[in-house]
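S.K.: Sequence unavailable; structure follows:
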């Protein structure tokens, strides 16, 4: 949906697939989104919730410009500046590495299998031109699964984005780690692990060279209470240079999904995903705009209804006009 500042729907894209978590506008005005392919949903219980399987570019009317599919694709994908697409993917960890995975609840592997993330760069014709495997570059000794999580996944990636120099920034929720991946060598020149992070989402590069991160906050190792916050991190020093959290910690808490966007006016748009709440705050933390999604749905395998929003973006009038003409 495209929703105006009053909460009214002004445009709806009709898709060939149900959304696989989220989409965003490209510079040319087309919509890029991950679609959920309703096949192979039984790898493990949570897989059906975050699997995608298709990445597409569509015009204002929902007409497909191109489409690529991959059975391992989940959570996130981005169109790169070179015109290719990077997909976040998941497959079984080589069995000989299982014993090196630390943390998590003992005995919670899925049929003796632990899954881990990998990245592929794909042309819009579906040709794989680059691959990166997390288990070849992350450190098993320090990248430890949160003790309360199942061992069906080691890393649980939830975001991949392009850094200004062409490298990639990736978020791994289960090990509370954000890492920059060198696309040329595969090495990790920088990473930030928890604490200070706790099962974060949506690390987003900023024009000043910093990273904006939604730090979800369940199972914090450095604080007894679970709470969410949005932090701006300087990768040169790994210092937190700005932070937003609610004055009452428990009033702002989204243990899953969620994200944040720095706006042109210097404010920050925050998606508190588990409550379907999207709000704008100033640098001083004042809430100046708020929207709560009225769209509730039944998630398979879970009781009741929810209005979760995985991620949200504020679009400028120029971006909307460009999308209309595209």
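M.R.: Nice, I can see it. Predicted model, so just to flag it, every value in this text is computed and none were measured.
S.K.: thought residue 97 was touching residue 134?
M.R.: No: if you go by CB atoms under 8 Å, residue 97 and residue 134 don't touch, sitting 10.7 Å apart. No exception for glycine: its C-beta is placed from N, CA and C like everyone else's.
S.K.: Compare the two and say which one has the larger neighbour count.
M.R.: Set residue 97 next to residue 134 and count neighbours by other CB atoms under 10 Å: residue 134 wins out with 23 against 15.
S.K.: Am I right that that one is in contact with residue 118?
M.R.: Yes: at 6.1 Å, residue 134 and residue 118 qualify as touching, with contact defined as CB under 8 Å.
S.K.: And what about residue 135, helix, strand or coil?
M.R.: Three-state assignment for residue 135 (DSSP: H, G, I helix; E, B strand; the rest coil): helix.
S.K.: residue contacts, the residue lying closest to it once chain neighbours are set aside?
M.R.: In space, and not counting its chain neighbours, residue 135 is closest to residue 116: 5.3 Å by CB to CB, 6 or more residues apart in numbering. Going by CB atoms under 8 Å, 6 or more residues apart in numbering, residue 116 touches 90, 91, 92, 93, 133, 134, 135, 153, 154, 155.
S.K.: what mean pLDDT would you report for the strand or helix carrying residue 116?
M.R.: Here residue 116, judged by DSSP states H and E, is contained in strand 115-122. Taken as a whole, strand 115-122 has an average pLDDT of 99.
S.K.: chain center to that strand, what's the gap?
M.R.: Centroid separation for strand 115-122 versus its chain: 14 Å, with CA atoms, centre = their mean, to the nearest Å.
S.K.: what does stretch 178-196 give?
M.R.: The answer for stretch 178-196 is 16 Å, by CA atoms, centre = their mean.
S.K.: Also stretch 41-61?
M.R.: Relative to its chain's centre, stretch 41-61 lies at 13 Å (CA atoms, centre = their mean).
S.K.: One more: stretch 281-300?
M.R.: With CA atoms, centre = their mean, you get 17 Å for stretch 281-300.
S.K.: Excluding its own residues, what touches that stretch? List them.
M.R.: 1, 3, 5, 7, 48-49, 242, 244, 266-268, 270, 275-280, 304-309.
S.K.: Which ones among those residues lie within strands?
M.R.: 3, 242, 244, 268, 270, 277, 278, 279, 280, 305, 306 (DSSP state E).
S.K.: Neighbour count, distance to residue 323 and pLDDT for those - can I get that in a markdown table?
M.R.: Listed next are these as a markdown table, based on neighbours: other CB atoms under 10 Å; distance: CB to CB, whole Å; pLDDT from 0 to 100:
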| residue | neighbour count | distance to residue 323 | pLDDT |
| --- | --- | --- | --- |
| 3 | 16 | 14 | 97 |
| 242 | 15 | 30 | 99 |
| 244 | 20 | 29 | 98 |
| 268 | 20 | 23 | 99 |
| 270 | 26 | 23 | 99 |
| 277 | 19 | 25 | 98 |
| 278 | 25 | 19 | 99 |
| 279 | 17 | 24 | 99 |
| 280 | 19 | 21 | 99 |
| 305 | 10 | 31 | 94 |
| 306 | 17 | 28 | 94 |
